[in-house]
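Q: Task: produce atomic coordinates for the following.
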Amino acid sequence: MRDPSKHHSCLRVPVQAGLFAALSGCAGPLSTLTPSGRSAASIAGLWWTMLAGSVVLFTLVLVLFLLVIYRPGWGSRVSAARWVVLGGLVLPAVILIPLICYGLFAGERLLPLPGMTPPRIEAIAKQWVWTFRYPDQGGVETRNLLHLPAGTPVDIVVTSEDVLHSFWIPRFAGKIDAVPGHANRLRVEADQPGRYEGQCNQFCGVGHTGMHFAVIVDRPEDFAAAVKEAAANGEVKK
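A: Here you go, the predicted structure:
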């Protein structure tokens, strides 16, 4: 007869490995769950709220399931129509309606604040390179290296010279498409100086996996000099 303890020990390894793999994806330079900006914090908050709501809903359904399994006849006095209404409409609505309301609230926070004219940086995508142009700094350019000032909203004007790409700095904000012949605007704000990473998040060809870029967030007083130095040195980060 098989020893249950050995069976549990065999299951423990893959379960622990799965939990470690899942938790390791919650951190790192491309993690949306370690936000470093106002918009990214709103997105992370929405994710955690949706996760909590789904856990509550799953728990309620699981409780009903266990009651049916371990207490035969439980709920038999409730008509089928009432089960459909209570279980199919009321139960999800109790969880989903608050989640929708919070989602709308969080979505409003992602919109650019009115009455502001922040600095502008142009992000130009081309297989498989990002070129960043700084109109407020004399139009200098850097390749695969984006400089941003800390604590300052910046409008990233995103476009493409060939196919559809997508601009994304996970720790700062959501993603936005880079469309040929069209300019999309994404407002980002980095909380503090440091090095971050961004990438193309839309499959754009065989070189898509290498289409990423470094993001250097400078102190506001150092930003202009850092941009000019990077452009003068022809810095290209991959």
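
Q: so is the spatially most central residue of the chain in a helix, a strand, or just coil?
A: With distances taken as CA atoms, centre = their mean, the residue of the chain nearest its centroid is Thr32 (4.2 Å). Per DSSP: H, G, I helix; E, B strand; the rest coil, the secondary structure class of Thr32 is coil.

Q: Nearest residue to it in space, please, no chain neighbours.
A: With CB to CB, 6 or more residues apart in numbering as the criterion, Thr32 has its nearest non-adjacent residue at 4.7 Å, and that residue is Pro170. Every residue, glycine included, has its C-beta placed from N, CA and C.

Q: and that neighbour, how many neighbours?
A: The number of residues packed near Pro170 is 25, by other CB atoms under 10 Å.

Q: Trp130 versus that one, what's the distance?
A: 15 Å (CB to CB, to the nearest Å).

Q: average pLDDT across the longest helix anywhere in the chain?
A: Criterion DSSP state H: the longest helix present in the chain is helix 38-70. Helix 38-70 carries an average pLDDT of 86.

Q: Using PDB, list the CA coordinates for whatever helix or strand comes next after that helix.
A: Helices and strands here follow DSSP states H and E; after helix 38-70, the next one along the chain is helix 80-85. Listed next in PDB are the C-alpha coordinates belonging to helix 80-85 (Å, rounded to 0.1, in the frame of the first residue of the first chain):
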ATOM      1  CA  ALA A  80     -33.900  25.900 -10.000                       C
ATOM      2  CA  ALA A  81     -35.000  29.400 -11.100                       C
ATOM      3  CA  ARG A  82     -33.900  30.900  -7.800                       C
ATOM      4  CA  TRP A  83     -30.500  29.200  -8.100                       C
ATOM      5  CA  VAL A  84     -30.000  30.700 -11.500                       C
ATOM      6  CA  VAL A  85     -30.900  34.200 -10.200                       C
END
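
Q: per-residue confidence averaged over helix 80-85?
A: pLDDT averaged over helix 80-85 gives 82.

Q: Would you mark the buried spots in that helix?
A: When burial is assessed from 16 or more other CB atoms under 10 Å, helix 80-85 yields no buried residues.
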